[in-house]
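what's the 3D shape of this:
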Amino acid sequence: MEIPPKSPDGSEKSPQSKELLTSNTASTLCISSRSESVWTSASRSKWDIYHKPVIVVSVGAAVFLFGMVITSLSCIQIKNKDVYKMCGPAFLSLGLMLLVCGLVWIPIIRKKQKQRQKSQFLQSLKSFFFNR
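Predicted structure coming up:
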């Protein structure tokens, strides 16, 4: 029967398990997914706030229009008619989905901005009254 080698300090743990125990796992954790803190008061431009939903709406509108063109080609062109009939509605639905998601995203961001402004106002009131 083989005896595992002892570590230099006399403990029975293997070097690999000792490294795992002594490693600082708190530093390897991911940072919070929120990109900004409630405590920061730096104002952001409208483009910084709304650029993602605007891009999603733009791409959705472009894909939707492309789907309309492909679908209309299935009515006009005789060659490859089956391909146009299959791809046209797929692009239409994908474009409509992106368009609606982007349009719903904008009011959600507006609501979050209002809540953040209220929160900052309440924090400043609390600090004014309780830090005297």
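
Show me what the lengthiest helix in the chain is packed up against.
Ranked by residue count, the top helix of the chain under DSSP state H comes out as helix 81-130. Contact analysis of helix 81-130 by 3 or more CB pairs under 8 Å, 6 or more residues apart in numbering; DSSP states H and E lists helix 46-76 as its packing neighbours. To be clear about C-beta, it is placed using only N, CA and C from the backbone, and glycine gets the same treatment.

mind listing what's buried in the helix it packs on?
Of all the residues in helix 46-76, those buried under the rule 16 or more other CB atoms under 10 Å are 49-50, 53, 56-57, 60, 63-64, 66-67, 70-71, 73-74.

Columns distance to I106 and pLDDT on top of the residues you listed, output as a markdown table?
As requested, those are exported to a markdown table (distance: CB to CB, whole Å; pLDDT from 0 to 100):
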| residue | distance to I106 | pLDDT |
| --- | --- | --- |
| I49 | 10 | 87 |
| Y50 | 7 | 89 |
| P53 | 5 | 94 |
| V56 | 10 | 96 |
| V57 | 8 | 96 |
| G60 | 13 | 97 |
| V63 | 18 | 97 |
| F64 | 17 | 97 |
| F66 | 23 | 95 |
| G67 | 23 | 94 |
| I70 | 28 | 90 |
| T71 | 28 | 89 |
| L73 | 32 | 84 |
| S74 | 33 | 83 |
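
ok, those residues vs L122, which is closest?
I49 (21.1 Å; CB to CB).

what sits against the closest one?
The contact partners of I49, taken as CB atoms under 8 Å, 6 or more residues apart in numbering, are I109, Q113.

what about it, distance to R110?
Plainly put, I49 is 9 Å away from R110 if you go by CB to CB, to the nearest Å.

Mind checking the pLDDT average for stretch 75-94?
Averaged across stretch 75-94, pLDDT comes to 85.

Dump that stretch to PDB, keeping only the CA atoms.
Extracted C-alpha coordinates of stretch 75-94, given in PDB (Å, rounded to 0.1, in the frame of the first residue of the first chain):
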ATOM      1  CA  CYS A  75     -45.300  36.600 -55.800                       C
ATOM      2  CA  ILE A  76     -43.500  38.000 -58.800                       C
ATOM      3  CA  GLN A  77     -40.600  35.800 -59.700                       C
ATOM      4  CA  ILE A  78     -41.200  32.300 -61.000                       C
ATOM      5  CA  LYS A  79     -37.700  30.900 -60.500                       C
ATOM      6  CA  ASN A  80     -36.900  29.700 -56.900                       C
ATOM      7  CA  LYS A  81     -40.400  30.500 -55.800                       C
ATOM      8  CA  ASP A  82     -40.300  27.900 -52.900                       C
ATOM      9  CA  VAL A  83     -37.200  29.400 -51.400                       C
ATOM     10  CA  TYR A  84     -38.700  32.900 -51.400                       C
ATOM     11  CA  LYS A  85     -41.900  31.600 -49.800                       C
ATOM     12  CA  MET A  86     -39.900  29.900 -47.000                       C
ATOM     13  CA  CYS A  87     -37.400  32.700 -46.300                       C
ATOM     14  CA  GLY A  88     -39.700  35.700 -46.600                       C
ATOM     15  CA  PRO A  89     -42.000  34.900 -43.600                       C
ATOM     16  CA  ALA A  90     -39.000  33.900 -41.600                       C
ATOM     17  CA  PHE A  91     -37.400  37.300 -42.100                       C
ATOM     18  CA  LEU A  92     -40.700  39.000 -41.500                       C
ATOM     19  CA  SER A  93     -41.200  37.300 -38.100                       C
ATOM     20  CA  LEU A  94     -37.600  37.900 -37.000                       C
END
